[in-house]
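Participant: Sequence and predicted model, in that order:
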Amino acid sequence: MLKAISIIGFKKSGKTTLLTSLAKELKSRGLKVAAAKFSHHGLDKNDTDTQKMAEMGIPVIGLTQNEAAIFWPEKKYLLDLLPLVSAHVLLVEGGKSLTWLPRILVLKSKHEASDMDNGLALASWGEIEVPGLPGITSVSTLADLVLSKGFALAGIDCGSCNRPDCLHLAREIVQGKASPEECVARSSSKISISINNQTLALNPFVENIIMKSILGMLSELKGYAPGKIKIEMEGS
């Protein structure tokens with residue numbers, strides 16, 4: 001299961017520095033790491049050919065010998081993009097409104113904690129102490145915390161876990177009162193669909209549609225028999 005954490009703090013609090021240090025530590029342990037950054041400003045493509053193409057309102061794919069990027073002419077959500085990457089750990093810079101993963105607070109004063117916690121904080125980073133919240137100053141210790149308590153819920157607020165939304169379940173997980181496996185949309189025992197090792201979220205309604213459609217088609221094939229079914233596909 002993907003381990004995920006968001007690093008929350010106000011501008012120039014050291015979020016990027018912490019994320020890069022944490023990513024290096026996790027990579028040194030042999031783990032694949034992906035990063036996501038939320039910004040209130042546009043993505044940096046000013047005065048480039050990429051900008052000229054994007055102004056036509058079409059998706060733009062940028063390719064070099066060492067990297068690649070895609071610019072869409074409409075908003076995409078982080079959970080929709082995760083299947084494009086293959087990683088053991090997701091580190092998110094920003095994303096204060098995200099309700100489906102825990103967070104680390106990077107503070108310039110302890111009074112900021114109440115604006116950033118939202119019941120999802122596992123710890124704070126740095127020398128500023130917050131009552132009731134562990135303080136961490138070692139990147140190695142923080143990496144241990146991410147690997148032991150990081151998680152990513154489905155983020156679709158389907159209610160299948162018998163909570164009103166993902167935020168309520170995430171808060172209980174942070175408090176140690178629940179487990180990420182209680183996210184039914186992520187851990188169904190009936191069907192699992194993954195792309196690039198990232199499991200797609202399925203609420204019960206969609207799950208039943210997919211299962212019944214597949215079983216209906218397979219039942220017409222010679223050699224079909226009830227049992228565990230395995231289908232492997234290459235997407236295009």
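Facilitator: Structure's in. What do you need?
Participant: so where do the helices sit in this protein?
Facilitator: Taking DSSP state H as the test, the helices found in the chain are 15-28, 49-54, 78-81, 113-116, 139-149, 166-174, 204-218.
Participant: could I get the second one in CSV with only the CA atoms?
Facilitator: Once non-C-alpha atoms are left out, helix 49-54 reads as follows in CSV (Å, rounded to 0.1, in the frame of the first residue of the first chain):
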residue,chain,number,x,y,z
ASP,A,49,7.0,27.1,-26.8
THR,A,50,5.1,25.1,-24.2
GLN,A,51,3.1,28.2,-23.3
LYS,A,52,2.3,29.0,-27.0
MET,A,53,1.0,25.4,-27.5
ALA,A,54,-0.9,25.5,-24.2
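Participant: Next, the buried residues of that helix.
Facilitator: Across helix 49-54, burial judged by 16 or more other Cβ atoms under 10 Å covers 50, 53-54. All C-beta spots, glycine's among them, are computed from the backbone N, C-alpha and C.
Participant: now do the fourth one
Facilitator: When neighbours are counted by 16+ other Cβ under 10 Å, the buried residues of helix 113-116 are found to be 113, 116.
Participant: for the first one, same thing?
Facilitator: Using 16+ other Cβ under 10 Å as the test for burial, helix 15-28 gives 15-16, 18-19, 22-23, 25-26.
Participant: and if you look at the fifth one?
Facilitator: Taking 16+ other Cβ under 10 Å as the neighbour-count basis, helix 139-149 is seen to contain the buried residues 139, 142-143, 145-146, 149.
Participant: Repeat that for the longest one.
Facilitator: When neighbours are counted by 16+ other Cβ under 10 Å, the buried residues of helix 204-218 are found to be 206-207.
Participant: Quick one: distance of it to the chain centre.
Facilitator: 26 Å (Cα atoms, centre = their mean, to the nearest Å).
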